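**Student:** Model the structure of this input:
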Amino acid sequence: MKKLVTLALLSTILVSCSHKKKEKTPIETYSPVVSFVEADKTYSADVRLPKSRFETKIPLVVIVHEWWGRTPYIESRGQMLNKEGYATLVVDLFGNAHTVATPTEAQALATPFYQNPQMGIDRLNKFIEAAKKDPHVDPSKIYVIGYCFGGTQALNLARSGADIKGVVSFHGGLAAGVPAKDVKAKILAINGLADPMVPAKERAGFEKEMKSIKANYKVVNYKGASHAFTNPGATAIGKQYNIPIAYNKKADEGSWKELLKFLKQ
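**Tutor:** This is a model prediction of the structure:
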């Protein structure tokens, strides 16, 4: 009898275990390459995922660099967002991962995008369409954020009517590069009130534009913040080349909180 009871108990345990839910396997950080070629240049970026995420599909934040190119600073912003649970794609709009150190070189790379804004829009769309194919990315939750030059590119993408969830510009130029049409993205524009590169007239013109197209937008301005206020290296670069850029810790930290709130909403 004791043997029968033992067998019955063992059977019960086995049945119970067989009905337990299987433990989910976390998604490990990995880097599939998104890449395309134009003329003689290769444009590539890595889709990066946060560690220990269990969802099959997660929001993707596309990050557009300053006019210096895709520097370690911009890469670090992607890492910060990975820690917040987002997939990221830190793009390279200049091609061949080209970065520069002087304002003269940077201006030479950035100027063509202001002369032909559609170029930036087209390249961003290529990156986004390729990244949507990643099985871990939720194609209905694509956000594009940009810094300085990158902020301008992100706003132009929104103006083009791109089917994305939202756009955030950090100290980016606000003047319209392309006419706004059928804007779908929610927009957040963050600037410094002491930024001579984005003066009051330009900020006012941007708000007038957004209101005229009935965009879902928000503007956040930081008192005392100059251009490039999110970049910790901006002050030294500004002094070296005598250009009006400087880091502002308060504006940097405040704008980051605004970004996270925007993404969660």
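
**Student:** For the stretch 51-200 of the chain, which residues score under the pLDDT cut-off?
**Tutor:** Within the stretch 51-200 of the chain, the ranges that satisfy pLDDT under 70 run 52-55.

**Student:** quick one, strands of it?
**Tutor:** With strands called from DSSP state E, counting those that start in this stretch, the stretch 51-200 of the chain shows them at 58-64, 87-90, 137-147, 166-170, 186-192.

**Student:** Give me the helices and strands touching the third one, please.
**Tutor:** Pointing back at strand 137-147 there. strand 58-64, helix 117-131, helix 149-159, strand 166-170 (3 or more C-beta pairs under 8 Å, 6 or more residues apart in numbering; DSSP states H and E). Using the backbone N, CA and C atoms, a C-beta is placed for each residue, glycine as well.

**Student:** Send me the shortest one as PDB with only the CA atoms.
**Tutor:** What follows is strand 166-170, C-alpha atoms only, in PDB (Å, rounded to 0.1, in the frame of the first residue of the first chain):
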ATOM      1  CA  GLY A 166       6.700  60.600 -32.600                       C
ATOM      2  CA  VAL A 167       9.600  62.900 -33.100                       C
ATOM      3  CA  VAL A 168      11.800  64.700 -30.600                       C
ATOM      4  CA  SER A 169      14.300  67.500 -31.500                       C
ATOM      5  CA  PHE A 170      17.000  68.500 -29.000                       C
END
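
**Student:** what sits up against it?
**Tutor:** Strand 166-170 is contacted from outside by 143-148, 151-152, 154-155, 157-158, 185-191, 230, 255, 259, 262-263, using C-beta atoms under 8 Å, 6 or more residues apart in numbering.

**Student:** Are any of those residues buried, and if so which?
**Tutor:** Using 16 or more other C-beta atoms under 10 Å as the burial test, the contacts of strand 166-170 include 143-148, 151-152, 154-155, 157-158, 185-191, 230, 255, 259, 262-263 as buried.

**Student:** Any idea which residue is closest to the centre of the protein?
**Tutor:** Ile63 (3.0 Å; C-alpha atoms, centre = their mean).

**Student:** who's it bridged to?
**Tutor:** Val90, Ile145 (DSSP bridges).

**Student:** Correct me if wrong: it contacts Gln153.
**Tutor:** No: in this structure, Ile63 is not within contact of Gln153 by C-beta atoms under 8 Å, at 10.9 Å.

**Student:** Pull up the overlap in contacts between those two.
**Tutor:** Each of Gly146 lies in contact with both Ile63 and Gln153 under the rule C-beta under 8 Å, 6+ apart.

**Student:** what are the ranges of the helices in this structure?
**Tutor:** 2-18, 72-83, 103-115, 117-131, 149-159, 200-212, 234-241, 249-264 (DSSP state H).

**Student:** The third one: which residues count as buried?
**Tutor:** Spelled out, that is helix 103-115. Pro103, Ala106, Leu109, Ala110, Phe113, Tyr114.
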